[in-house]
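Participant: I'd like to go over a predicted model; first the sequence, then the structure.
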Amino acid sequence: MQDREIAAIAGWLVERGLAGASETELMHGFCSRLGEVGLPVSRALTLVDTLHPVYEGRAFHWRNDGVGETTMGEYGRTNVGEAAETWRRSIFHHIVETGCGDLRRRLGHGDPCDFPNLEDFRGDGHVDYLALVTPFARDGAFGEMDCVYSHWMTREAAGFSDGDVAALRQLLPVLALALKSASLARIARTLVEVYLGRDAGARVLSGRISRGVADKITAVLWFSDLRGYTAISDTAPPGEIIPLLNDYAEAVVSAIDEAGGDVLKLIGDGILAIFEAEDRAEACRCALAAEAGLRRRLAELNLRRAAERRPVTTVYLGLHIGTVFYGNIGSESRLDFTVVGPAVNEVSRIAAMCRSADRSVLLSSDFRAAAPDAARHHIVSVGRYALRGVGRAQELFTLDERA
């Protein structure tokens with residue numbers, strides 16, 4: 001490769017990285033351009049660790065033989081079980097542990113296939129293999145994302161030339177920087193969605209981060225908590241508390257997400273969520289769909305936990321509709337993107353009345369009035385109640401269990 005060709009590919013990576021190209025686009029464009037200037041890559045892989053509650057990282061594949069292969073895959077934790085053993089036997093682990101930076105095996109010229117998969121690569125016709133680890137500076141690491149792992153193969157009979165290897169080593173830091181930029185943008189989206197919720201996270205990423213900036217919206221408000229949680233936490237073994245909270249939070253959050261709501265807060269065993277209501281009846285319908293989905297999930301969860309002889313419970317739920325302010329609340333250095341207003345206080349008080357009313361779900365009169373006609377036929381009164389901190393007693397409703 002000529003210096004001008006290397007500079008052109010590096011320039012393309014910078015331009016596409018600044019434009020926000022995805023990791024897959026960067027990988028495929030990079031490999032295609034290598035081929036166009038005569039660097040004979042036939043198959044390539046890059047791995048980038050990430051910050052995600054489930055996945056450890058992402059793998060990006062490219063090959064030029066038309067064989068179908070997933071271009072992007074996510075992988076789980078590599079520090080436990082069989083995955084940990086696979087990682088310890090890998091070429092990348094060897095490079096990291098020895099600090100050698102890269103490892104080459106001329107598969108078609110007698111080099112040993114002394115790591116997993118090399119024999120398969122040789123059997124697939126590849127004659128040269130090069131693996132590299134491109135590290136970030138310590139201050140440039142982000143969680144476990146402290147480098148880019150990559151490997152490169154060719155079926156060219158002579159293998160990679162010295163110039164090919166030198167060009168790859170020169171270009172990979174630019175590719176790694178572009179991949180890091182794309183990965184950090186994705187990590188930012190993941191983190192704000194995981195910790196703030198989908199809608200709140202999108203609003204924050206769009207620039208709504210100033211204190212006191214809030215929108216006045218009408219929304220269905222959902223507040224739920226666990227029945228008897230205090231007693232369970234006092235009597236259950238300490239190691240059971242976090243799994244219990246996680247199991248029931250998974251049921252609640254999944255039901256809300258599936259029905260189009262947004263979870264704003266997890267407060268111990270309590271969950272606050274909203275269903276925005278440009279169409280009030282549709283928002284109420286979505287909240288009721290989430291409640292139905294939650295009951296199905298709770299039935300399955302309690303069967304499983306009972307079979308495992310673990311504590312079981314159920315969920316108290318309050319539903320209300322009202323006008324709230326939705327935005328940034330807090331200090332200059334610590335903000336919370338949430339909803340505030342009398343309706344938020346009211347829905348938490350309604351949920352708290354479930355025990356007194358001996359019902360698992362209670363609805364406000366405003367919610368019943370806004371609900372679709374078909375749903376309203378299944379909403380029945382449980383009487384008038386005085387809610388703590390709310391100036392007037394109000395009639396509360398529940399769902400007819402026979403329906």
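Facilitator: Sure, I can see it.
Participant: Give me the residues contacting stretch 66-84.
Facilitator: 23-24, 27-28, 47, 52, 54-63, 86-87 (C-beta atoms under 8 Å, 6 or more residues apart in numbering). Glycine gets a C-beta too; all of them are placed from N, C-alpha and C.
Participant: Just the buried residues of these.
Facilitator: Buried members of the contacts of stretch 66-84, counted by 16 or more other C-beta atoms under 10 Å: 23, 27-28, 47, 52, 56-63, 87.
Participant: Just give me the neighbour total for residue 98.
Facilitator: For residue 98, the neighbour count with other C-beta atoms under 10 Å is 9.
Participant: Contact partners for it?
Facilitator: Listed by C-beta under 8 Å, 6+ apart, the contact set of residue 98 is empty.
Participant: For residue 72, see how far away residue 397 is.
Facilitator: Going from residue 397 to residue 72 by C-beta to C-beta, to the nearest Å gives 48 Å.
Participant: Settle it for me: which of those two has more neighbours?
Facilitator: Taking other C-beta under 10 Å, residue 397 and residue 72 do not tie; residue 397 has more neighbours (22 against 12).
Participant: Now that one: closest residue in space that isn't a chain neighbour?
Facilitator: residue 363 (4.4 Å; C-beta to C-beta, 6 or more residues apart in numbering).
Participant: Am I right that that neighbour sits in a helix?
Facilitator: No - using DSSP: H, G, I helix; E, B strand; the rest coil, the assignment for residue 363 is strand, not a helix.
Participant: Please enumerate the helices of the protein.
Facilitator: 3-18, 23-36, 81-88, 91-98, 118-123, 162-196, 198-205, 229-235, 238-258, 280-307, 342-352, 354-357, 365-370, 373-376 (DSSP state H).
Participant: Tell me where the model's unsure across the stretch 51-200 of the chain.
Facilitator: 53, 68-69, 141, 143 (pLDDT under 70).
Participant: Quick one: neighbours of residue 264, just the number.
Facilitator: Neighbours of residue 264 under the rule other C-beta under 10 Å: 22.
Participant: ah, wrong one, I meant residue 78
Facilitator: 19.
Participant: Repeat that for residue 346.
Facilitator: As a burial measure, residue 346 scores 21 neighbours (other C-beta under 10 Å).
Participant: Would you check that my belief about it contacting residue 362 is correct?
Facilitator: No - assessed by C-beta atoms under 8 Å, residue 346 is found out of contact with residue 362, at 11.3 Å.
Participant: Next, name the residue at the spatial heart of this protein.
Facilitator: residue 190 (4.8 Å; C-alpha atoms, centre = their mean).
Participant: any idea what sits nearest it, other than its immediate chain neighbours?
Facilitator: residue 52 is the one closest to residue 190 (C-beta to C-beta, 6+ apart), at 5.8 Å.
Participant: on that earlier part again, tell me the contacts of the residue nearest to the centre of the chain?
Facilitator: 50-52.
Participant: could I get these as a markdown table with distance to residue 370?
Facilitator: Shown next, in a markdown table, are the contacts of residue 190 (distance: C-beta to C-beta, whole Å):
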| residue | distance to residue 370 |
| --- | --- |
| 50 | 41 |
| 51 | 40 |
| 52 | 37 |
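Participant: Closest one of the residues you listed to residue 103?
Facilitator: Distance ranking of the contacts of residue 190 against residue 103, using C-beta to C-beta, places residue 50 first at 24.0 Å.
Participant: How many residues are close by the closest one?
Facilitator: Other residues within reach of residue 50, judged by other C-beta under 10 Å, total 19.
Participant: so what's it scoring on pLDDT?
Facilitator: Per-residue confidence (pLDDT) for residue 50: 78.
Participant: Flag every buried residue along stretch 329-342.
Facilitator: Buried residues in stretch 329-342, counted by 16+ other C-beta under 10 Å: 329, 335, 337-339, 341.
Participant: Could you work out the most separated pair of the residues you listed?
Facilitator: 335 and 341 (17.4 Å).
Participant: any idea how far residue 353 is from residue 384?
Facilitator: Applying C-beta to C-beta to residue 353 and residue 384 gives a distance of 11 Å.
Participant: swap in residue 2?
Facilitator: Counting by C-beta to C-beta, the gap between residue 2 and residue 384 amounts to 84 Å.
Participant: re the thing from before, relative to residue 298, which of the buried ones among the contacts of stretch 66-84 is nearest.
Facilitator: Checking those one by one against residue 298 (C-beta to C-beta), the nearest turns out to be residue 52, at 26.9 Å.
Participant: show me the residues around that closest one that make contact.
Facilitator: Listed by C-beta under 8 Å, 6+ apart, the contact set of residue 52 reads 74, 187, 190.
Participant: Quick one: these as TSV, columns for distance to residue 14 too.
Facilitator: Formatted as TSV, those follow (distance: C-beta to C-beta, whole Å):
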residue	distance to residue 14
74	27
187	21
190	25
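Participant: between those residues, which is nearest residue 142?
Facilitator: Closest approach to residue 142 among these (C-beta to C-beta): residue 187, at 6.9 Å.
Participant: so where's the stretch 251-400 of the chain shaky on pLDDT?
Facilitator: Low-confidence segments of the stretch 251-400 of the chain, defined by pLDDT under 70: 389, 391.
Participant: I'd like the helices of the chain laid out as JSON lines, including distance to residue 106.
Facilitator: What follows is the helices of the chain, written out as JSON lines (distance: least, C-beta to C-beta, whole Å):
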{"stretch": "helix 3-18", "distance to residue 106": "23"}
{"stretch": "helix 23-36", "distance to residue 106": "19"}
{"stretch": "helix 81-88", "distance to residue 106": "24"}
{"stretch": "helix 91-98", "distance to residue 106": "14"}
{"stretch": "helix 118-123", "distance to residue 106": "10"}
{"stretch": "helix 162-196", "distance to residue 106": "11"}
{"stretch": "helix 198-205", "distance to residue 106": "47"}
{"stretch": "helix 229-235", "distance to residue 106": "62"}
{"stretch": "helix 238-258", "distance to residue 106": "50"}
{"stretch": "helix 280-307", "distance to residue 106": "53"}
{"stretch": "helix 342-352", "distance to residue 106": "67"}
{"stretch": "helix 354-357", "distance to residue 106": "71"}
{"stretch": "helix 365-370", "distance to residue 106": "71"}
{"stretch": "helix 373-376", "distance to residue 106": "70"}
